[in-house]
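Novice: Structure for the following, please:
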Amino acid sequence: MASRLSKLMASAAIVMGSAGGAMAQVSTTEAGFEPGEIVVTAQKRTQSAQAIGVAVSALGADNLAALGRQDISALAAQVPGLQVNQYSPTVTVFNIRGVSQNDFADSQEAPIAFYNDEVYISALGAIAGMTYDLERVEVLRGPQGTLFGRNATGGLIQIVSAKPTDHLDGFVTATVGSYGQVATEGAVGGPLSDRLRARLSFTTNHGGAYFKNRIGRDLGAAKFYAGRIQLAGDVGEGGKFNIKVQALRNDRDRQAGIYSHRSAFPNALGLGVYFDPSENAWGNCNGCDALGYAEPDRDPFTGALNGPNYFSRTFWAVTARYEQDLGGATLTSITDYQDLRKRYGEDSDMSPATNFVYTTAQDLYQLSQELRLSGEGDRLTWLAGLYGIKIHTKNGYVTDTTGAFGLLERYDSVLNTESVAAFGQLEYKLDDRFTLIGGLRYSRDWKRFDYVHSENGVQDFAFDRRLFPDLAKRRFSDYSGKIELDFKPSRNAFLYASVNRGTKSGGFGTQAFGPFDPATIAFDGEVLTNIEGGVKLTLLNRTTNFNVAGFHYKYSGYQSFELVGVTQIIRNKPARIKGLEFEFTTRPVAGLYLQAFLTLLDGEVRNVTVPSGDVLDRDMPQAPSLSAGGLIRYEFAAGPGRLALQTNWKHDSRQYFSTFNAPVDREPARWVGDARVSYAFDDLPIEAAFFVNNLTDRKYRLYTLDLSGPFGFTQQNYARPRWFGGSLTYRIQ
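Specialist: Just a heads-up that it's a prediction; the model follows:
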């Protein structure tokens, strides 16, 4: 299998030896686009977001800077249908239109693909911390695969780094925030010669311990560093290249296991239910869990944790992109290598006793190669590509419950994934108004899983290709495709209708406690078929955009994550989602910008077997039936500069965190808002800003893990409390 990727890499080497290239640089001021119009590369070429048959939201550099936050979770405040949950920097989970991967195991790939400069990032633990010095962020909703390297059923998120320019530019920002937070971000770049350019970017984040630990060090403090260097240049006639090296590091910071303890008891379905602190549900003490502990402080940001609670991570990557104009066609090669080392520990029982300690270790490397050939004529636009990826991840987990049950469980696994794919898309203009688009992808994945479990130092279960040849080594082959009809009746109106088939290969779950059933470790691939139609309108002298999209998702083999006790299982289930999206932006007068969006969802997973054995239909997890948001920004002249006032708000209706829809998983509806004031001087390259995130200090959960069955408690992960901060930015002009 290794030879498959090797052959593709060798082909790339031949191509790169004869043809140069560079990362395409796209801005909102390119010729042919209206001033201020968002330009995207969602279809691998520069287009207006209002003129493509894809539900896409894009945030430019100014929008991102105005958010005033480094973490990628800020995107959810401006993008329809998007939920972002960061349980900690170790796991970032995206949910688009109700589609997500709720399994928090390090080895899983998500149905929402994450890209950095056209490169797929497979590791969920590598995502947090990459959002600095960006040109824009693109969020594509719906199945992907005919244009991008890795296929995905739910959509993708791409962050695009700011590129080296042919003139000197840069900035540096210093931020101070609540609980002693100190953060920096900066970049400098420009020409090294007539044909060579460079850019250096960095960010740091320290402090911010917002969780009060009564018996130890407070939690939530970061020790984070990241940097990126890019070298871009011109080669020969029509050849360009971009080489990027990036790295990030968390240095044993205190952002792991920031949980709020709450006692619970399983109901008749085996699902957790909270009980009153005056009740003795477990027969040991009032308000206590099964281990005899009751958290006396109902403040979700206060606890008594004696565990390790640490997070260390080192990630680095090297990317080489070449592009060659062949005269009538463009050849693109993207080669990438990634390396991740991650260590994590938490006090899982959230008490002064040492009853349940959980630690993990992950070592991962990823090698990928993409080749694309594309061209554009008067009527026909086409693209063809080859993609190969190899992912090797070694994971070790320890669940230490010696204090409670006298058990020390250790489970180690190695997952090897190799995938090759061929993809392409044709776009043909039938006339000045109608365009027909067709795309196809064929993928083949090989996965091999080795797993060993031991209890109190004695191996009691093994799962590998020698013992289970039909289960531990699997091959997945499937196709993705789309057909779309676009209709552009005028310059200011665009309509589309499409049928899109997305696929995601199967894999293996990581189980903790026995008894072990080998048949439940492996799971099959999933297929999502999307029927979608949309309208994009540009109104009022091109100052206003109004977009509507309706979609119907039908799943075959939805990969449903289910936590049974403390055992993680993924089962294939039938599921469906349908919904509507509305997106509105306007600039009615100079200096005023308004944005609003609304998402309506109706989704369910069918035939879910809950812990009691009952089979029920359940709501899709982390998929509120109604999400709405908006942003108001007003900028005006004031003294020697310009003052900008901004606030953004988002509402989510009630939702469940798990496929089981346990009562303890039910999160009530909420409104959450931020505010920001900034002042930029006219004659000085300086901007000062003050911001408040979570303006009303709303206490809401990002996730809850129902462990009521074995332990009698839930692990509640709350969003940060109200956060004040100020920043000062100096720009190199």
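
Novice: tell me the contacts of residue 165?
Specialist: 25, 189-191, 197, 199 (CB atoms under 8 Å, 6 or more residues apart in numbering). Placement of C-beta: from N, CA and C, glycine included.

Novice: Is it possible to get TSV of these that adds distance to residue 701?
Specialist: Below are these laid out as TSV (distance: CB to CB, whole Å):
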residue	distance to residue 701
25	41
189	41
190	46
191	49
197	46
199	39
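
Novice: could I get those residues as TSV with neighbour count and pLDDT?
Specialist: TSV is the format used below for these (neighbours: other CB atoms under 10 Å; pLDDT from 0 to 100):
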residue	neighbour count	pLDDT
25	18	31
189	24	97
190	15	97
191	15	97
197	23	98
199	23	99
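
Novice: Dump these to TSV, plus secondary structure and distance to residue 83.
Specialist: TSV is the format used below for those (DSSP: H, G, I helix; E, B strand; the rest coil; distance: CB to CB, whole Å):
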residue	secondary structure	distance to residue 83
25	coil	31
189	strand	34
190	strand	39
191	strand	42
197	strand	38
199	strand	32
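
Novice: which one of those residues is nearest residue 591?
Specialist: Residue 591 lies nearest to residue 25 out of the contacts of residue 165, by CB to CB, at 28.1 Å.

Novice: so what's residue 678 bridging to?
Specialist: On the basis of DSSP bridges, residue 678 is bridged to residue 644, residue 689.

Novice: Helices of the protein, residue ranges please.
Specialist: Secondary structure of the chain, counting by DSSP state H: helices at 2-18, 61-67, 469-472.

Novice: counting contacts, what elements does the shortest one pack onto?
Specialist: The one in question is helix 469-472. Packing partners of helix 469-472 (3 or more CB pairs under 8 Å, 6 or more residues apart in numbering; DSSP states H and E): strand 434-455.

Novice: Parallel or antiparallel, list what pairs with the strand it packs on.
Specialist: Counting by DSSP bridges, strand 434-455 is paired with strand 407-429 (antiparallel), strand 458-463 (antiparallel), strand 473-490 (antiparallel).

Novice: from the chain's centre, how far out does the last one sit?
Specialist: To tie it back to what came earlier, the one meant is strand 473-490. What separates the centre of strand 473-490 from the centre of its chain is 22 Å, taken as CA atoms, centre = their mean, to the nearest Å.

Novice: Low-confidence stretches in the protein?
Specialist: Where the chain drops to pLDDT under 70, the residues are 1-39, 41-45, 66-70, 87-89, 514.

Novice: Give me the most central residue, it.
Specialist: Of all residues in the chain, the one closest to the mean position by CA atoms, centre = their mean is residue 94, 4.3 Å from it.

Novice: got the contact list for it?
Specialist: Counting by CB under 8 Å, 6+ apart, residue 94 touches 82-84, 100, 110, 112, 114, 154, 157.

Novice: What about residue 397, how many residues nearby?
Specialist: With neighbours defined by other CB atoms under 10 Å, the count for residue 397 comes to 20.

Novice: follow-up on the earlier one: closest one of the contacts of residue 165 to residue 90?
Specialist: Closest approach between these and residue 90, by CB to CB: residue 199, at 28.8 Å.

Novice: give the contact list for the closest one.
Specialist: Contacts for residue 199 (CB under 8 Å, 6+ apart) come out as 133, 162-165, 187-190, 228-230, 232.

Novice: Give me the distance between it and residue 643.
Specialist: In this view, residue 199 and residue 643 are 30 Å apart by CB to CB, to the nearest Å.

Novice: what's the answer for residue 585, then?
Specialist: Going from residue 585 to residue 643 by CB to CB gives 22 Å.

Novice: And these two? Which one has more around it.
Specialist: Neighbours were counted for residue 585 and for residue 643 using other CB under 10 Å; residue 585 has more, 18 against 15.

Novice: Enumerate every residue touching residue 157.
Specialist: So residue 157 contacts 72, 75, 94, 112-115, 137-140 (CB under 8 Å, 6+ apart).

Novice: Please consider this matter closed, and thank you.
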